[in-house]
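J.: attaching a predicted model along with its sequence, questions to come.
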Amino acid sequence: MFQANRPRLAGALLILVAMLGTGCSGVATREIESARAEVHREPLGMNAKGHPDASIDASGAVKIGNDPLALSAAQKAEALRYREAVIALVDLSLDKAAHMTRHVMARTVFAMMTGRLDKMENKLEQQGLALSHSPEFCAALADVVQRQDRMVQAVVNLRPYAHISQREVDNCVAGRPYHAGI
């Protein structure tokens with residue numbers, strides 16, 4: 001009798017695993033949305049070797065260490081535009097991560113059942129690389145570089161915190177490795 005019910009049991013197990021996977025996907029999506037809310041709410045942190053940490057809050061106010069930096073309205077506007085460009089890049093990354101997360105669980109279950117987990121891991125790695133080199137992502141990175149450059153021209157004290165160069169954008173577009181540490 002157990003042998004006759006084996007296909008039903010396997011089907012029920014697959015449904016259960018898919019339901020659990022969907023729940024995990026929901027948890028991951030909630031975590032991503034929580035991270036998004038935090039990025040929008042919290043000051044944007046910046047660091048530079050040998051310098052105290054700096055931050056730009058949602059109003060464009062800048063702190064270096066614990067000390068607020070006196071800024072003109074124009075300087076504050078440049079800092080705020082840089083912050084907004086970084087947040088747009090983070091939002092794009094989180095949107096793509098949420099999209100990938102929704103599909104990963106079902107694919108993982110299928111790959112486990114068919115013995116193709118290695119292929120799935122490689123495919124996911126390739127999708128992650130494709131995201132970080134997509135035209136949309138590279139354009140957002142280029143916007144960050146432009147706004148960063150304008151900000152450090154306006155607020156010279158932030159020059160040590162400017163880490164992203166046009167080289168990273170060029171590498172992004174060319175599909176080469178790059179480091180875009182904010």
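T.: Nice, I can see it. Numbering: from 1, shown residues only.

J.: Asp57 and Gly45 touch, don't they?
T.: No: judged on C-beta atoms under 8 Å, Asp57 makes no contact with Gly45 at a distance of 10.6 Å. Bear in mind the C-beta positions are built from the backbone N, C-alpha and C, glycine included.

J.: between the two, who's got more neighbours?
T.: Taking other C-beta atoms under 10 Å, Asp57 and Gly45 do not tie; Asp57 has more neighbours (16 against 12).

J.: check contacts around that one.
T.: Under the criterion of C-beta atoms under 8 Å, 6 or more residues apart in numbering, the neighbours of Asp57 are Pro43, Leu44, Lys63.

J.: let me know the closest of those residues to Phe137.
T.: Of all these, Phe137 sits closest to Leu44, with 18.6 Å by C-beta to C-beta.

J.: so what's the closest one up against?
T.: Taking C-beta under 8 Å, 6+ apart, we find Leu44 in contact with Ser55, Ile56, Asp57, Arg83, Val86, Ile87, Ile182.

J.: how far away is the fourth one from Arg159?
T.: This means Arg83. To Arg159, Arg83 is 17 Å away according to C-beta to C-beta, to the nearest Å.

J.: tell me which of the two has more neighbours.
T.: Between Arg83 and Arg159, counted using other C-beta under 10 Å, the more crowded position is Arg83 (24 against 13).

J.: which SS class is that one?
T.: Secondary structure, DSSP: H, G, I helix; E, B strand; the rest coil: Arg83 is helix.

J.: pretty sure it is touching Gly60, no?
T.: Yes: with contact defined as C-beta under 8 Å, Arg83 reaches Gly60; the gap is 7.0 Å.

J.: one step back: strands - which of the contacts of Asp57 land there?
T.: Using DSSP state E, the members of the contacts of Asp57 that fall within strands are Leu44, Lys63.

J.: tell me the SS of Ala97?
T.: Per three-state DSSP, Ala97 ends up helix.

J.: with that, I have no additional questions.
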